[in-house]
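J.: the sequence and its predicted three-dimensional model are supplied below.
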Amino acid sequence: MSFYQTLKVYIDEKLRRITEQEIYRVLEKEILDEKDFLVLLSEKAENYLEPMAKKANKLTLKNFGRVIHLYSPLYLSNFCDNECVYCGFKHSNAIARKKLSPEEVEREAEAVAATGILHLLALTGESRKEAPVSYIKDCVNILKKHFSSVSIEIYPLPQEEYAEFVLDGVDGLTIYQETYDENTYQRFHLKGLKKDFRFRLDAPERACNAQMRSVNIGALLGLSDFRKDIYFTGLHASYIQDKFPGTEVGVSFPRIQPQTGNFLPANPVSDKQLVQAMLAVRLFLPRAAINISTRENSVLRKNLIGLGVTRMSAGSRTEVGGYTASVRKEGQFAVTDKSSVAHVKKMISLKGYHPVMKDWQII
């Protein structure tokens, strides 16, 4: 059975019927099932964040220790064929389009590596014409000289092309479903390959079949009901963990930030709700990596350490060529935490945790 069949489960009525007694029961359990996860995402559970946080802290220390892995994103191209109404890169936005040359990729890589970052996430807009697989693979071969780990966040691929990337040294994939509500998904994705809900949904599984070492998924919080999206994100991550026990599975919690086009979410997610979502995922998935990016501000990111986070981006630029450009241009979205890598490392250390720059080496 594919994960798509799981999306047919109706949860709204269950959320409304959850009682405080059920919340106490779940907090006493060591291993949670899908129903328990739903309980922790309920509106009533917002009043139990403190005991959830204490349990999340213990589980994270047990499975990950006091470490936070750092990485930086590097945008290779912002050409995009999609019309995603919430995205700064969408096809209809009148922004300056650019694709890095090999020389520019080298300079950007050198600039990021100079900060001490050794894990890199390479990104593109979703245009096969302007950023074909062959181009991205050429960029990866340059990046491998500077980083111990290179992951990709690009348009979804068939399994055989993921396998090609694995052979070329890519060890991780990040891909967000954006929303797991298929009807809502179609309203926000008006044109391009991204309109294909199923092809995107099954991309993490295709990457795992291609022997990708790590897969990171998430929903873009604000597009739909966050409780439902986080619920299905957690179920999706659990499905991948169970089917591919050798794959490191991670979950991100990106919230919509200001972008070219000024899209405003109809379902904004508060800091408290973000914390609830993260804690619920940690209690449901004790072994999953949890990522908080520079979409969030420095104070919130600092306060989230110890509550389940295991990965953070640092020193991020979301513009193509953003690490070496003298003039800042439009990025995919606004970076909220503009702290340097050195500052983020210091912040993590002051919280009693260890900033880790390397835990994997490309062979």
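T.: It's in.

J.: which residues touch residue 267?
T.: By C-beta atoms under 8 Å, 6 or more residues apart in numbering, residue 267 lies in contact with 222-226. Quick note: C-beta positions are derived from backbone N, CA and C, even for glycine.

J.: whoops, residue 81 was the one
T.: 91, 126-129, 191-193.

J.: out of the residues you listed, which are buried?
T.: In the contacts of residue 81, burial by neighbour count holds for 91, 126-127, 192, counting by 16 or more other C-beta atoms under 10 Å.

J.: rewinding a little: take the contacts of residue 81 and lay them out in CSV including distance to residue 345 and secondary structure.
T.: Shown next, in CSV, are the contacts of residue 81 (distance: C-beta to C-beta, whole Å; DSSP: H, G, I helix; E, B strand; the rest coil):
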residue, distance to residue 345, secondary structure
91, 38, coil
126, 32, coil
127, 35, coil
128, 37, coil
129, 39, coil
191, 41, coil
192, 38, coil
193, 38, helix
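
J.: next, the nearest residue to residue 71 once chain neighbours are set aside: phi, psi?
T.: Leaving aside its sequence neighbours, residue 71 sits nearest to residue 119 (C-beta to C-beta, 6 or more residues apart in numbering; 3.9 Å). Backbone torsions of residue 119, given as degrees, to the nearest 10, read phi -110, psi 120.

J.: surely residue 119 meets residue 70?
T.: Yes: counting by C-beta atoms under 8 Å, residue 119 touches residue 70, with 7.0 Å between them.

J.: which among the contacts of residue 81 gets closest to residue 24?
T.: When the contacts of residue 81 are ranked by distance to residue 24 (C-beta to C-beta), residue 126 comes first, at 45.2 Å.

J.: look up the pLDDT of residue 362 for me, please.
T.: If you check residue 362, the pLDDT there is 74.

J.: go on, residue 246?
T.: With respect to pLDDT, residue 246 has a value of 96.

J.: could you do residue 18 as well?
T.: If you check residue 18, the pLDDT there is 86.

J.: how many residues are close by it?
T.: The local packing of residue 18 (other C-beta atoms under 10 Å) involves 19 other residues.

J.: who are the neighbours in contact with it?
T.: Contacts of residue 18 were listed using C-beta under 8 Å, 6+ apart, and they are 38-39, 42, 44-45.

J.: so can I have a markdown table of those showing pLDDT?
T.: Shown next, in a markdown table, are the contacts of residue 18 (pLDDT from 0 to 100):
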| residue | pLDDT |
| --- | --- |
| 38 | 93 |
| 39 | 95 |
| 42 | 94 |
| 44 | 94 |
| 45 | 96 |
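
J.: filter these to the buried ones?
T.: 38-39, 42, 45.

J.: between residue 119 and residue 70, which contacts overlap?
T.: Common contact partners of residue 119 and residue 70 (C-beta under 8 Å, 6+ apart): residue 357.

J.: the buried ones among the contacts of residue 18 in helices, which ones?
T.: With DSSP state H as the criterion, helices contain 38-39 from among the buried ones among the contacts of residue 18.

J.: for the longest strand seen in the chain, what is the distance to the chain centroid?
T.: Counting by DSSP state E, the longest strand found in the chain is strand 67-77. Strand 67-77 sits 11 Å away from the centroid of its parent chain (C-alpha atoms, centre = their mean, to the nearest Å).

J.: what do you get for stretch 88-107?
T.: Remark: stretch 88-107 is offset 21 Å from the chain centroid, using C-alpha atoms, centre = their mean.

J.: what residue is smack in the middle of the chain?
T.: What sits nearest the mean C-alpha location of the chain, by C-alpha atoms, centre = their mean, is residue 252, with 3.6 Å.

J.: return the set of residues that bridge with that one.
T.: For residue 252, the beta-bridge assignment (DSSP bridges) gives partners residue 218, residue 291.

J.: if I look at it, how far off is residue 281?
T.: According to C-beta to C-beta, to the nearest Å, residue 252 stands 10 Å off from residue 281.

J.: need the pLDDT of residue 13.
T.: Residue-level pLDDT assigned to residue 13 equals 63.

J.: use 841 as the first number for this chain going forward.
T.: All set: I'll call the first residue 841, so the last point we hit is now residue 853.

J.: where does the prediction get shaky in the stretch 991-1140 of the chain?
T.: For the stretch 991-1140 of the chain, applying pLDDT under 70 flags the ranges 1099, 1101.

J.: that one: strands as residue ranges?
T.: Using DSSP state E, counting those that start in this stretch, the strands assigned to the stretch 991-1140 of the chain run over residues 1012-1014, 1054-1058, 1088-1092, 1129-1132.

J.: pick the most deeply packed of those.
T.: Across these, averaging neighbours per residue (mean count of other C-beta atoms under 10 Å) puts strand 1012-1014 on top, at a mean of 25.

J.: that one: partners in the sheet, and parallel or antiparallel?
T.: Its sheet considered, strand 1012-1014 pairs with strand 989-993 (parallel), strand 1054-1058 (parallel) by DSSP bridges.

J.: need the contacts of residue 1107 in TSV (columns: distance to residue 918 and neighbour count).
T.: Shown next, in TSV, are those (distance: C-beta to C-beta, whole Å; neighbours: other C-beta atoms under 10 Å):
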residue	distance to residue 918	neighbour count
1062	22	20
1063	21	25
1064	25	22
1065	30	17
1066	27	25
